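> what follows is a predicted structure for the sequence shown.
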Amino acid sequence: MRAFTLPRCAVLILALLTGACSTGPQPQLQNFAEPTFTLERIRSDDAVDVASVYDPWEGMNQRIYNFNYHFDQKVFLPVVRGWRAVVPRFIRTGIHNWFNNIRDIVTIANSILQLAPEKTFESSGRVIVNSTVGLFGFIDVASKLDFPRPVEDFGQTLGHWGVGKGPYLVVPFLGPSNVRDALGKIPDLLLINTVNDEVLSKPLRATVFLFDAIDTRSNLSFRYHETGSAFEYDTVRWLISTKRDLDVAK
């Protein structure tokens, strides 16, 4: 029997390693969920055209848009920066989770009005889990457990039942919208106030609106005139109109 020489040992080891690599675990294809706002939906035949957004109050809307820009720069954003500098991140996260838990109640109500049982059960499950295990919503346990989070409002409910958007409207302090969605905020705010009246003491209710506004702006990345484009107003108008159409259709 001939002894193995060094070259033969090297060939044998190489063969074994090659065989092991060929039988090892193969890369797995990942199945990513299809995004709600796909390119096909945004560029579909019935999508909103940039030049066709109904804006009969354009002069007024542009003045309000400019007012919102100055208010944002001189008041809102400085407050947000102070909020982030003073309040620790984990507290800000807890407050944001708490407000989202209240907003999930709004989704429950609007999902019921839209006769959407799946969204109703999903949002109800989130509220139950986060309000109990999540310590009244300060910990978003539902997201950690991969609970879906649908977001529905009364503007979408009106759109679901065929109510048109109406003219484009820039709301002071709140920003771009339309008549349907601006009016739709009223019942949603009434529901939120009703919930707050039930779970908060009177002194806390007096400040919760302010904290909600700061939290909302702190978690919104949009900045007025950040694009540097002379057509920002037209672009934002088209984006908001398109998004709201897709929100209703989803």
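Structure's in. What do you need? Everything numeric here is computed off the predicted structure, so don't read it as measured data.
> C-alpha from now on. contacts and neighbour counts both.
Will do.
> buried sites along the top helix by length along the chain?
In the chain, with assignment by DSSP state H, the single longest helix is helix 89-113. Applying a neighbour-count criterion of 16 or more other CA atoms under 10 Å, one finds 92, 94-111, 113 buried in helix 89-113.
> give me the residues contacting it.
Helix 89-113 has contacts (CA atoms under 8 Å, 6 or more residues apart in numbering) with 84, 117, 119-121, 123-124, 126-127, 130-131, 136-140, 149-154, 157, 188, 191-192, 195, 212, 215.
> and the spatially most central residue of the chain, helix, strand or coil?
What sits nearest the mean C-alpha location of the chain, by CA atoms, centre = their mean, is residue 151, with 7.7 Å. Here residue 151 is recorded as coil under DSSP: H, G, I helix; E, B strand; the rest coil.
> I figured residue 69 was touching residue 222, is that so?
No - at 11.0 Å, residue 69 does not count as touching residue 222 under the criterion of CA atoms under 8 Å.
> name the residue in those two with the higher neighbour count.
The neighbour count for residue 69 versus residue 222, taken as other CA atoms under 10 Å, is higher for residue 69 (18 against 9).
> would you mind measuring from that one to residue 75?
Note on residue 69: its distance to residue 75, by CA to CA, to the nearest Å, is 10 Å.
> same question, residue 192
25 Å.
> equivalent analysis for residue 150, please.
Residue 150 is 32 Å from residue 75, where distance means CA to CA.
> can you give me the strands in the protein?
Here the chain has its strands, by DSSP state E, at 168-171, 175-178.
> could you identify which of those strands is most buried?
Comparing the strands of the chain by mean neighbour count (mean count of other CA atoms under 10 Å), strand 168-171 ranks first with a mean of 22.
> let's see that strand as PDB, backbone CA atoms only.
Output of strand 168-171 as PDB, limited to C-alpha atoms (Å, rounded to 0.1, in the frame of the first residue of the first chain):
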ATOM      1  CA  TYR A 168     -57.300  71.100  -2.200                       C
ATOM      2  CA  LEU A 169     -56.900  72.900   1.100                       C
ATOM      3  CA  VAL A 170     -53.900  74.000   3.200                       C
ATOM      4  CA  VAL A 171     -54.900  74.000   6.800                       C
END
